[in-house]
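Undergrad: how would this look folded up:
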Amino acid sequence: MKNKNQARERKNVEVKGGKSQLKANKEALNVTCKVCYTVFMQTQSISQLAEHAENKHNKDVKECFPQKFIDT
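TA: Numbering: from 1, shown residues only. Prediction:
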């Protein structure tokens, strides 16, 4: 009986709570289409954003996502 209790205690100590990915995902969403306000992840390539602009709005990528073309 003592061994089972010790094993249970060890298991409880070793178990770590899971971490939510929601906060990280929310922080990664920071590119917004200025026409429809759809939010994209910052890792989206210019070609993927251009595809959205052309297919959804028939506009140039610079019109929909001007923040990606600001000189730093």
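Undergrad: Could you point out the helix or strand that follows the longest helix along the chain?
TA: With DSSP state H applied, the helix covering the greatest number of residues in the chain is identified as helix 2-14. On the C-terminal side of helix 2-14, the nearest following helix or strand under DSSP states H and E is helix 22-28.
Undergrad: coming back round to it: contacting residues around the longest helix of the chain?
TA: Counting contacts by Cβ atoms under 8 Å, 6 or more residues apart in numbering, no residue outside helix 2-14 touches it. C-beta here means a position set from N, CA and C on the backbone, and glycine is covered the same way.
Undergrad: May I see the buried residues of that helix?
TA: By neighbour count with 16 or more other Cβ atoms under 10 Å, helix 2-14 contains no buried residues.
Undergrad: just how off-centre is that helix within its chain?
TA: 38 Å (Cα atoms, centre = their mean, to the nearest Å).
Undergrad: next one: stretch 41-55
TA: The chain centre lies 15 Å from the centre of stretch 41-55; the measure is Cα atoms, centre = their mean.
Undergrad: contacts for that stretch?
TA: Stretch 41-55 is contacted from outside by 28-31, 33, 35, 38, 40, 59-61, 63-65, 68, using Cβ under 8 Å, 6+ apart.
Undergrad: Just the buried residues from these, in PyMOL please.
TA: If you want just the buried ones from those in PyMOL, going by 16+ other Cβ under 10 Å, the selection is:
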select buried, resi 31+33+40+59+61+64+65
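Undergrad: ok, of the contacts of stretch 41-55, which one's closest to residue 19?
TA: If you rank the contacts of stretch 41-55 by distance to residue 19 using Cβ to Cβ, residue 28 comes first, at 15.3 Å.
Undergrad: what about this protein, any weak spots by pLDDT?
TA: 1, 13-18, 71-72 (pLDDT under 70).
Undergrad: Just give me the residue right at the centre of it.
TA: In the chain, the centroid-proximal residue (Cα atoms, centre = their mean) is residue 25; its distance is 3.2 Å.
Undergrad: how close does that residue get to residue 33?
TA: When distances are taken as Cβ to Cβ, to the nearest Å, residue 25 and residue 33 turn out to be 18 Å apart.
Undergrad: Thank you kindly, that will do.
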